[in-house]
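Visitor: Structure, please.
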Amino acid sequence: VCCLEMTTKRKLIGRLVPCRCFRGEEEIVSVLDYSHCGLQQVPKEVFNFERTLEELYLDANQIEELPKQLFNCQALRKLSIPDNDLSSLPTSIASLVNLRELDISKNGIQDFPENIKCCKCLTIIEASVNPVSK
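Guide: Coordinates of the predicted model:
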């Protein structure tokens, strides 16, 4: 069963669960949703789309840290990782220069890296239910 949903001829938007059914090099994947998949880490398949990925949903998993390779996703505008097991945000987050929305609510994040202000487009940060100290 293929788990990507075709919405236009050249653009794929849909729910991608861990499978390897994606075929075709011309398609552009801009949205991936791995919410409620019981993941402990960001799936490696995400990095296949680091040039085109604009929205990534990792809601309600058990992810403890964000891999460095995630911050190569230069087109990323929305990163949603609420209800996970993150204890910190890496300083590499400053590499996401097009990031507009960040949802890190319901994690264990205690503070923000100082260089998050390098994310000039970032206008929405949802960080409720975190033990943020500053």
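
Visitor: what about the closest residue to S128 other than its chain neighbours, neighbour count?
Guide: Leaving aside its sequence neighbours, S128 sits nearest to S105 (Cβ to Cβ, 6 or more residues apart in numbering; 4.7 Å). In short, each C-beta sits where N, CA and C put it, glycine included. The local packing of S105 (other Cβ atoms under 10 Å) involves 18 other residues.

Visitor: Which secondary structure element is home to S105?
Guide: Using DSSP states H and E, S105 sits within no helix or strand.

Visitor: show me the contacts for the nearest residue to P113 once chain neighbours are set aside.
Guide: Leaving aside its chain neighbours, P113 sits nearest to T91 (4.4 Å; criterion: Cβ to Cβ, 6+ apart). By Cβ atoms under 8 Å, 6 or more residues apart in numbering, the contact set of T91 is P113, E114, N115.

Visitor: so who does L86 touch?
Guide: Shown in contact with L86 (Cβ under 8 Å, 6+ apart): I63, E64, E65, L66, I104, N107, G108, I109.

Visitor: Distance-wise, check the closest residue to the first one other than its chain neighbours relative to P113.
Guide: The one in question is I63. Counting by Cβ to Cβ, 6+ apart, the nearest residue to I63 once its immediate chain neighbours are dropped is N84, at 4.4 Å. Plainly put, N84 is 17 Å away from P113 if you go by Cβ to Cβ, to the nearest Å.

Visitor: Those two - which one has more neighbours?
Guide: Shown here are N84 and P113; by other Cβ under 10 Å, N84 has more neighbours (23 against 14).

Visitor: And that one, how far from Q41?
Guide: Using Cβ to Cβ, one gets 10 Å for the distance from N84 to Q41.

Visitor: circling back: pretty sure the residue nearest to S128 sits against V129.
Guide: Yes: S105 is in contact with V129 according to Cβ atoms under 8 Å; the separation is 5.4 Å.
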